[in-house]
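Asker: Here you go, sequence then predicted model.
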Amino acid sequence: MPSTALTAALADIDTVFNGFASPRETPCPQCHVDEETAYLRTPYVPVPLKVVQFYLYEVPDHFDDHEASMRRLLPPAARALAEGTLDVIGHLAIGLARVDWRSWPPRQSAALDVFLHAWWQDVLATTDPPYAVEDVFDTCATIARSVAPFLDSWCDGPAADAHLVACADSWLYDLLSDRSPFPWWYDEEAGTAELRTWLSGPGAARLRALGEHDLAIRCELLALPEDELWRHPYWSGASAGD
């Protein structure tokens with residue numbers, strides 16, 4: 001069952017974006033058929049899940065009005081994300097990250113922002129969410145164009161703590177090699193820097209408090225310049241028991 005906050009956020013998305021459409025949308029002759037594009041032009045008609053999945057990850061230049069199309073898709077897309085019914089997420093840049101939604105009228109931008117945070121909190125509190133937590137994080141951070149709000153709001157609790165351990169361990173695989181875990185972010189360099197800073201500070205402190213000392217040490221190493229990082233005693237085993 002979704003949280004009360006997520007249920008309310010989805011209801012608000014449905015209300016705020018009810019009746020939106022992209023009335024002059026025409027199909028890309030190489031990729032789209034008119035029957036699919038007709039859903040973008042026509043308000044109030046339910047959009048099949050496969051059409052939502054297809055257009056949600058389509059590149060902007062395949063639309064006549066990408067922003068209008070994203071508004072049209074937002075209610076079914078938000079519900080599919082929350083319910084875990086899309087085939088896959090986190091593998092490409094989602095279309096909602098490619099529009100300037102923060103410039104939309106305040107009620108529209110607020111509805112999307114509230115949904116992202118409600119979905120994130122709901123996933124953190126769920127032991128076995130439909131999608132991997134790092135993929136949900138990627139999706140939320142990419143759309144919001146910032147990782148900080150989702151890291152800073154990482155709640156406490158058994159499920160959230162377990163997700164933090166799993167995500168940190170996964171992210172470190174790339175970060176310790178100076179790679180981004182999410183190469184399609186809006187600003188890969190800035191997003192990766194934010195993630196490194198949080199993991200090496202508040203994230204490491206929290207992991208240490210959970211008894212994850214080895215993981216905490218590896219996170220703290222992210223604060224070091226690369227030449228110092230690989231000379232740290234940890235790699236010879238001197239710090240493994242700290």
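Answerer: Good, I have the coordinates.
Asker: contacts, neighbours, all on C-alpha from now
Answerer: OK.
Asker: Helix or strand: which one has the residue most central in space within the chain?
Answerer: For the chain, residue 139 is the residue whose C-alpha lies nearest the centre (CA atoms, centre = their mean; 1.9 Å). Per DSSP states H and E: residue 139 is located in helix 133-144.
Asker: Let me see the mean pLDDT of that helix.
Answerer: Averaged across helix 133-144, the pLDDT comes to 93.
Asker: could I get that helix in PDB with only the CA atoms?
Answerer: What follows is helix 133-144, C-alpha atoms only, in PDB (Å, rounded to 0.1, in the frame of the first residue of the first chain):
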ATOM      1  CA  VAL A 133      16.300   2.000  -4.800                       C
ATOM      2  CA  GLU A 134      19.300   3.300  -6.600                       C
ATOM      3  CA  ASP A 135      17.200   3.400  -9.800                       C
ATOM      4  CA  VAL A 136      14.500   5.300  -8.000                       C
ATOM      5  CA  PHE A 137      17.100   7.700  -6.600                       C
ATOM      6  CA  ASP A 138      18.500   8.100 -10.100                       C
ATOM      7  CA  THR A 139      15.100   8.900 -11.600                       C
ATOM      8  CA  CYS A 140      14.100  11.400  -8.800                       C
ATOM      9  CA  ALA A 141      17.500  13.100  -8.800                       C
ATOM     10  CA  THR A 142      17.600  13.300 -12.600                       C
ATOM     11  CA  ILE A 143      14.200  14.900 -12.800                       C
ATOM     12  CA  ALA A 144      14.800  17.300  -9.900                       C
END
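Asker: can you give me how far that helix is from the chain middle?
Answerer: 1 Å (CA atoms, centre = their mean, to the nearest Å).
Asker: Just list what it packs against, helices and strands only.
Answerer: helix 106-124, helix 148-152, helix 158-175 (3 or more CA pairs under 8 Å, 6 or more residues apart in numbering; DSSP states H and E).
Asker: Can you say which of the ones you listed is nearest to residue 88?
Answerer: helix 106-124 (15.6 Å; CA to CA).
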